[in-house]
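> Next one to model:
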Amino acid sequence: MGRRARKPSETAGLAPGTLVHVGEQRAERVKITVIEYDAAHFSEREVQTLDECFPLKDKPTITWINVDGIHDVSVIEALGRHLAVHPLFLEDILNTSQRPKLEEVSDYAYIVVKSLEYDRAAGEVVADQTSLLLGPNFVISLQEEEGDLLDPVRERLRSAKGRLREMGADYLAYALMDAIVDGYFAILEALGDRIDDLEEQLVSDPKQETLHAIHLLRRQMLALRKAVWPLREVIAGLQREPSCLITEPTIFHLRDVYDHAVEAIDTIETFRDLLSGMLDIYLSSISNRLNAVMKVLTGVATIFMPLTFLAGVYGMNFKHMPELEQRWAYPALWAVMLGIGLSMWIYFKRKDWL
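Model (predicted):
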């Protein structure tokens with residue numbers, strides 16, 4: 001809450017490839033973990049600097065280097081220095097406002113995806129940019145902060161479940177992307193429950209708070225669409241582009257991730273349509289409630305209009321008014337007024353105007 005976030009506009013005018021962190025400024029230490037594995041061996045450890053990791057990329061085993069925290073520019077500089085990563089890619093890693101995309105060069109691929117989590121306490125969707133560098137026998141994942149979305153992949157590696165430890169680095173990259181996309185559905189389920197609750201409120205008792213909640217959900221759906229929609233192009237690009245980094249078995253599995261991404265996009269579009277319809281329902285409910293109130297007030301005013309006329313006529317201070325001298329004039333006037341009012345009320349009720 002109290003941290004300052006550097007905005008993309010603050011880097012305007014800098015030379016291309018200038019390494020400046022764009023995002024929330026943090027003071028935590030960058031956490032670097034290294035997992036090295038093959039079908040028969042597995043090791044996991046935490047290191048202090050990236051310099052300890054890079055000799056592993058020349059070994060025959062598969063290496064997964066995970067960096068939690070990209071606010072330390074020196075870590076990204078070391079990454080570019082040891083792997084000869086293009087400065088523009090390093091700049092994109094530090095810019096947390098990137099849209100999901102795929103960039104591929106001769107010996108590695110750069111992938112950007114958005115990791116999403118739902119904060120139930122605040123009722124908000126929290127986005128975390130995850131960058132992946134895929135090489136022939138290594139994967140480097142870089143996240144803004146430490147999260148648990150990738151823990152299922154770690155557990156599969158530790159327990160040797162499935163085929164993950166028998167496959168190459170491309171399959172590891174697929175598994176990481178699959179874990180991130182699977183996390184979208186947990187968020188969509190939570191938002192779907194929230195939409196159901198709002199629908200019940202709209203039917204029973206729409207309030208001003210309901211309108212605010214609908215607008216908040218619409219903004220969240222726009223943010224989700226911005227994060228998920230380009231991912232379809234990224235996965236499709238991994239399948240289409242002929243590459244020495246992606247093998248045929250992994251391409252087959254990427255189709256499954258593509259289907260999941262399309263399903264998530266369809267769900268988001270459905271929720272957006274529902275929220276637009278709910279906004280129309282809310283406005284219609286408020287309008288109908290106002291019309292009902294105005295109908296009652298208009299009916300009451302119409303009933304009292306002739307009574308007000310009679311009261312005005314006999315409220316005039318003329319001396320020669322014949323009825324004023326009659327003993328029956330006062331009760332007769334009351335009888336006429338009550339008769340008119342009752343007759344009009346009965347007529348309005350039969351017409352269903354009241």
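> for the lowest-mean-pLDDT helix or strand in the chain, the distance to its chain's centre please.
The weakest-scoring helix or strand in the chain, judged by mean pLDDT, DSSP states H and E, is helix 73-83 (a mean of 83). Relative to its chain's centre, helix 73-83 lies at 32 Å (C-alpha atoms, centre = their mean, to the nearest Å).
> and what of stretch 263-274?
Per C-alpha atoms, centre = their mean, the displacement of stretch 263-274 from the mean C-alpha position of its chain is 11 Å.
> do the same with stretch 251-262
For stretch 251-262 - counting by C-alpha atoms, centre = their mean - the centre lies 21 Å from the chain centre.
> Break the protein into its domains for me.
The chain breaks down into these domains under automatic domain parsing: 8-284, 294-350.
> Out of those, which is the most enclosed?
Among those, ranked by average contacts under mean count of other C-beta atoms under 10 Å, first place goes to domain 8-284 (a mean of 17). C-beta here means a position set from N, CA and C on the backbone, and glycine is covered the same way.
> For the helix or strand where Tyr282 lies, give the mean pLDDT please.
Using DSSP states H and E, Tyr282 sits in helix 248-313. Across helix 248-313, pLDDT averages out at 87.
> Pull up the gap between the residue lying closest to Glu199 once chain neighbours are set aside and Gln201, please.
Sequence neighbours aside, Met278 is the residue nearest to Glu199 in space, at 6.6 Å (criterion: C-beta to C-beta, 6 or more residues apart in numbering). Met278 sits 10 Å away from Gln201, taking C-beta to C-beta, to the nearest Å as the criterion.
> Then His320?
65 Å.
> before we move on, back to that, hmm, who's touching the helix or strand following the helix holding Tyr282?
Counting by DSSP H and E, the next helix or strand C-terminal to helix 248-313 is helix 329-350. Helix 329-350 has contacts (C-beta atoms under 8 Å, 6 or more residues apart in numbering) with Gly299, Thr302, Ile303, Phe304, Pro306, Leu307, Leu310, Ala311, Tyr314, Glu323, Gln326, Leu354.
> one more time with 6 Å
With C-beta atoms under 6 Å, 6 or more residues apart in numbering as the test, helix 329-350 has contacts from Gly299, Ile303, Pro306, Leu307, Leu310, Glu323, Leu354.
> Enumerate every residue touching the first one.
Spelled out, it's Gly299. Listed by C-beta under 6 Å, 6+ apart, the contact set of Gly299 reads Phe348, Trp353, Leu354.
> same thing with the second one?
Under the criterion of C-beta under 6 Å, 6+ apart, the contact list for Ile303 reads Gly341, Met344.
> returning to what we had before: compute the inter-axis angle for the helix holding Tyr282 and helix 329-350.
Computed by axes from the mean of the first three to the mean of the last three C-alpha atoms, to 10 degrees, the angle separating helix 248-313 from helix 329-350 equals 160 degrees.
> can you pull the pLDDT of the residue nearest to Lys31 when sequence neighbours are not counted?
Take Lys31 and drop its neighbours on the chain: the residue closest to it by C-beta to C-beta, 6+ apart is Asp68, 4.2 Å away. Asp68 carries a pLDDT value of 89.
> wait, what's in contact with Asp68?
Asp68 makes contacts with Lys31, Gln143, Glu146, as judged by C-beta under 6 Å, 6+ apart.
> Switch those residues over to a markdown table, and while doing so, append distance to Leu191 to every line.
A markdown table is the format used below for these (distance: C-beta to C-beta, whole Å):
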| residue | distance to Leu191 |
| --- | --- |
| Lys31 | 30 |
| Gln143 | 23 |
| Glu146 | 24 |
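> Closest one of those to Ala179?
Set against Ala179, the nearest of the contacts of Asp68 by C-beta to C-beta is Gln143 (12.3 Å).
> now Ile340: how far from Phe348?
Taking C-beta to C-beta, one finds Ile340 at 13 Å from Phe348.
> likewise Phe309?
As judged by C-beta to C-beta, Phe309 and Phe348 stand 18 Å apart.
> and Glu233, what element?
Assigned by DSSP H and E, Glu233 falls in helix 208-240.
> and that helix, average pLDDT?
pLDDT averaged over helix 208-240 gives 87.
> In contact with Val73, which residues?
Leu19, His21.
> Excluding chain neighbours, give the residue nearest to Ile70 in space.
Of all residues not flanking Ile70 in the chain, Leu142 sits nearest, at 5.3 Å (C-beta to C-beta, 6+ apart).
> which SS state does that neighbour fall under?
Secondary structure, DSSP: H, G, I helix; E, B strand; the rest coil: Leu142 is strand.
> doesn't Thr270 make contact with Leu224?
No: contact criterion C-beta atoms under 6 Å: Leu224 and Thr270 do not qualify, at 12.0 Å.
> thinking again about what came up before, which two from the contacts of helix 329-350 end up farthest apart in space?
Spatial extent of these (C-beta to C-beta) is set by the pair Glu323 and Leu354 at 31.7 Å.
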